[in-house]
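J.: here are the coordinates; sequence isn't available:
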């Protein structure tokens with residue numbers, strides 16, 4: 001079996017970038033690893049556990065960087081994805 005790699009360009013909102021900058025290094029490392037996998041393989045990468053939420057204007061997607069860390073995003077172009085917010089629970 002051959003895995004086809006699709007590369008996505010991730011764009012972070014200023015709110016997300018500020019929040020990422022304030023995280024402890026261990027949390028930031030988990031998000032960075034998830035973003036690398038996400039950009040390299042796309043939202044279908046199994047360990048990211050991606051879900052779609054239908055909204056009035058567009059679909060919002062969520063993926064997880066770990067069991068407790070999620071990030072939310074939307075497609076803005078064919079290969080560009082905007083990460084709109086992150087959270088931990």
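T.: Structure received. Model, not experiment: these values are computed from the prediction.

J.: C-alpha from now on. contacts and neighbour counts both.
T.: Will do.

J.: For residue 38, which residues are in contact?
T.: Listed by CA atoms under 8 Å, 6 or more residues apart in numbering, the contact set of residue 38 reads 8, 45, 48.

J.: Share the number of residues neighbouring the first one, please.
T.: The one in question is residue 8. 20 (other CA atoms under 10 Å).

J.: Can you check what pLDDT the model gives residue 79?
T.: We have a pLDDT of 82 for residue 79.

J.: Likewise for the one 3 residues further on?
T.: If you check residue 82, the pLDDT there is 91.

J.: and it, how many neighbours?
T.: With other CA under 10 Å as criterion, residue 82 counts 16.

J.: Break down this structure into its strands, ranges please.
T.: 9-12, 51-54, 59-64, 69-75, 80-88 (DSSP state E).

J.: among the ones you listed, where is the model least confident on average?
T.: Ranked by mean pLDDT, the strands of the chain bottom out at strand 51-54, which scores a mean of 80.

J.: Which strands border that strand, and is each parallel or antiparallel?
T.: strand 59-64 (antiparallel) (DSSP bridges).

J.: Turn the strands of the chain into TSV, columns for distance to residue 40.
T.: Below are the strands of the chain laid out as TSV (distance: least, CA to CA, whole Å):
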stretch	distance to residue 40
strand 9-12	9
strand 51-54	18
strand 59-64	14
strand 69-75	15
strand 80-88	12
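
J.: For the longest helix anywhere in the chain, what is the distance to the chain centroid?
T.: Secondary structure assigned by DSSP state H gives helix 25-41 as the longest helix of the chain. Averaging C-alpha positions (CA atoms, centre = their mean, to the nearest Å) puts helix 25-41 8 Å from its chain's average.
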